[in-house]
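**Q** Take a look and give me a structure for this.
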Amino acid sequence: MPAITDRQRALIGQETESYAAPYAVNEAMARHWCEMVEDANPIYFDEAYARETWLQGPFAPPAMLYTWGRLPVWPPVQRVIVIDQLALDDCPLRVAVNAVQEYFFPLRYGDTLTITSKLASLSEEKTTRLGTGHFVTVVDTFRNQLDQIVGTHTSTLFAYRPAGADGA
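**A** Next up is the predicted model:
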């Protein structure tokens, strides 16, 4: 796919309909996360300690933001995957290049989230050592039950066909 099509270009900036995160922000998943990354910060679970801070109570680790939007592996759940709408069929492989999160409000245990996604950018075809394809940047926006934007997760992927697959 040498050039971006008009249909693909029209998808840039379009936001998906929101979908509900499969689980409320919860202490059990946060504890598991903290165990995994060995984060013993008492602000996440020590009620007395957390009440003494400017946050006035415990909250979930901010780095878990993307985790709350991950759909369960089973049973399968269907939703719109922005990169799939691009129909980059000649670029079957994907590798994550970059991810950046921004946090605006703390996630409290019990919060319920909705997520929207939008295609932020799509590069013209590029050739790297991996192969030839497109850099795709998607922004996921997370809102709480008060419709406040609590954070964003921006990820850039390289969708490509491997070097040598097209004679390159």
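**Q** and V136, what element?
**A** In this assignment (DSSP states H and E), V136 forms part of strand 131-143.
**Q** Please enumerate the strands of this structure.
**A** Assigned strands in the chain, in chain order: 19-20, 93-103, 114-122, 126-127, 131-143, 149-162 (criterion: DSSP state E).
**Q** how far does the fourth one sit from the chain's center?
**A** For strand 126-127, the gap between its own C-alpha mean and the chain's C-alpha mean amounts to 24 Å (CA atoms, centre = their mean, to the nearest Å).
**Q** just stretch 129-137 next, same as before
**A** 19 Å.
**Q** Give me the mean pLDDT for that stretch.
**A** Over the span of stretch 129-137, the pLDDT mean works out to 96.
**Q** Buried ones in that stretch, by neighbour count?
**A** Within stretch 129-137, the residues that count as buried by 16 or more other CB atoms under 10 Å are 131-137. (Glycine included, C-beta is placed from N, CA and C.)
**Q** If you count neighbours, what's buried in the worst-scoring helix or strand of the chain on mean pLDDT?
**A** Ranked by mean pLDDT, DSSP states H and E, the weakest helix or strand in the chain is helix 82-85, scoring a mean of 88. Residues 82-83 are the ones in helix 82-85 that count as buried (16+ other CB under 10 Å).
**Q** One more: stretch 86-97?
**A** For stretch 86-97, by 16+ other CB under 10 Å, it's 86, 88, 91.
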